[in-house]
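A.B. asks: sequence plus predicted model, see below.
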Amino acid sequence: MYVNTKDILEKASKEFYAVPAFNINNLEFLIAILEGAVEKNAPVIIETSEGAIKYAGNGDPIRGAKFFVNLVKGYADTLNIPVALHLDHGKNLEYIAAAIKAGYSSVMIDASHEPFEENLKITKEVVKWAHAAGVSVEAELGQLAGIEDNVSAEENVLVDPQQAKIFVEETGVDFLAPAIGTSHGAFKFKGEAKLDFERLEKVKKLTNIPLVLHGASSVPAKYVELAEKYGADLGGAKGVPAEEIKKCVKLGINKVNTDTDLRIAFLAGLRKNLTENVKEFDPRKYFKEGMQFVKDVVMDRLEFLGASGKA
Ligand SMILES: O=C(COP(=O)(O)O)N(O)CCCOP(=O)(O)O
Ligand SMILES: [Zn+2]
């Protein structure tokens, strides 16, 4: 069933587990994610960035947002697990408006690149707007480095826990993404993973709302190696070890953003399938292996985050 993200996350926050938020850009990832969540009897959050909405709507935010609401809501309403649809890294008010209007469960207003006061002001506005439409809101404090399509920043700026307390009180935001050292994409960390657990613990104590971990892909070696075996070049790919993510969940992370892991798993399956079936030209066949690998990553993540059986 199609639900509000806040309902999923408040339950997770109370019971100290986390729910993965998986990014999609197409039908195949959505099917693989939802079927994995059904198999694990788990709640799941589907999220689309502005880049995904632009891609699905061929540049038109209203078309792209409506496309995803109809696709996700249509599929979710036939299932007995809670499914929410979230706008990830909303920066452009046109996209945020399109998502709210189309019927997204929640939106992220990402004004983390702005000075604190400006981020607070913009977030407060969006919260008023979204809440009036029954839509919950995520915001970000501090900045993640790293690069994905539309989401990039030069360097990490870690969250200030005292600022987080003021920010949550003043804006009424429903869940918060504190930057604690992760980064987007497949090439995280120069050396060893370094997450600021102390800072995270302080933010949870001072805000007491569901928290979000961005840049949380683990970049599993098995899929990197398989993709490279069939011609990909992912040299130096490195993610967040699962154990570090589990520690973050214990300290109050309840939404875990995962995009890169699905991309690499799908890439490995697609490259393998196309190489081994040179005569195949039916996408319903040559996408299957990549979809299965995505489903495997989804089920593994639901398990280790403690979301399995929580539907
Ligand atoms: O936090 C994450 C994903 O982190 P990951 O790269 O570690 O999976 N996200 O918010 C996903 C951002 C995707 O943006 P785009 O569609 O523009 O490429
Ligand atoms: Zn992110």
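C.D. replies: Good, I have the coordinates. Ligands and ions are numbered 1, 2, ... in the order given.

A.B. asks: hey, let's count contacts and neighbours off CA atoms from now on
C.D. replies: Will do.

A.B. asks: and the closest residue to residue 19 other than its chain neighbours, how many neighbours?
C.D. replies: In space, and not counting its chain neighbours, residue 19 is closest to residue 255: 5.0 Å by C-alpha to C-alpha, 6 or more residues apart in numbering. Applying other C-alpha atoms under 10 Å, we find 30 residues neighbouring residue 255.

A.B. asks: quick check: which element contains residue 255?
C.D. replies: Assigned by DSSP states H and E, residue 255 belongs to strand 253-258.

A.B. asks: and for residue 10?
C.D. replies: Per DSSP H and E: helix 5-14 holds residue 10.

A.B. asks: and that helix, what's buried?
C.D. replies: Buried residues in helix 5-14, counted by 16 or more other C-alpha atoms under 10 Å: 5, 6, 8, 9, 10, 12, 13.

A.B. asks: what angle separates it from strand 253-258?
C.D. replies: Orientation check (axes from the mean of the first three to the mean of the last three C-alpha atoms, to 10 degrees): helix 5-14 against strand 253-258 gives 120 degrees.

A.B. asks: go ahead and name everything in contact with helix 5-14.
C.D. replies: Contacting residues not belonging to helix 5-14 are listed as 18-19, 43, 45, 82, 84-86, 105-106, 136, 174-175, 209-210, 252-255 [C-alpha atoms under 8 Å, 6 or more residues apart in numbering].

A.B. asks: and it, what's its mean pLDDT?
C.D. replies: Computed over helix 5-14, the mean pLDDT rounds to 96.

A.B. asks: right, and the helix or strand after it?
C.D. replies: Helix 5-14 is succeeded, C-terminally, by strand 19-23 (DSSP H and E).

A.B. asks: next secondary structure after the one helix or strand in the chain whose mean pLDDT sits lowest?
C.D. replies: Ranked by mean pLDDT, DSSP states H and E, the weakest helix or strand in the chain is strand 152-153, scoring a mean of 60. Next along the chain after strand 152-153, taking DSSP H and E as the criterion, comes helix 161-171.

A.B. asks: what's that next one packed up against?
C.D. replies: If you count contacts as 3 or more C-alpha pairs under 8 Å, 6 or more residues apart in numbering; DSSP states H and E, helix 161-171 packs onto helix 116-132, helix 197-207.

A.B. asks: so which of those helices comes closest to ligand 1?
C.D. replies: helix 197-207 (16.4 Å; C-alpha to the nearest ligand atom).

A.B. asks: for that closest one, buried residues please.
C.D. replies: Under 16+ other C-alpha under 10 Å, the buried positions of helix 197-207 are 199, 200, 201, 202, 203, 204, 206, 207.

A.B. asks: hmm, back to that, how far out from the middle of the chain is the strand holding residue 255?
C.D. replies: 7 Å (C-alpha atoms, centre = their mean, to the nearest Å).

A.B. asks: kindly confirm my reading that residue 62 is in a helix.
C.D. replies: Yes. The assignment for residue 62 is a helix, going by DSSP: H, G, I helix; E, B strand; the rest coil.

A.B. asks: can you pull the contacts of it?
C.D. replies: 95, 98, 99, 102.

A.B. asks: these two touch, right, the second one and residue 65?
C.D. replies: Yes. The pair residue 98 and residue 65 qualifies as a contact (C-alpha atoms under 8 Å) at a distance of 6.2 Å.

A.B. asks: compare those two (neighbour count), which wins?
C.D. replies: Each of residue 98 and residue 65 has its neighbours counted (other C-alpha under 10 Å); residue 65 has more, 29 against 20.
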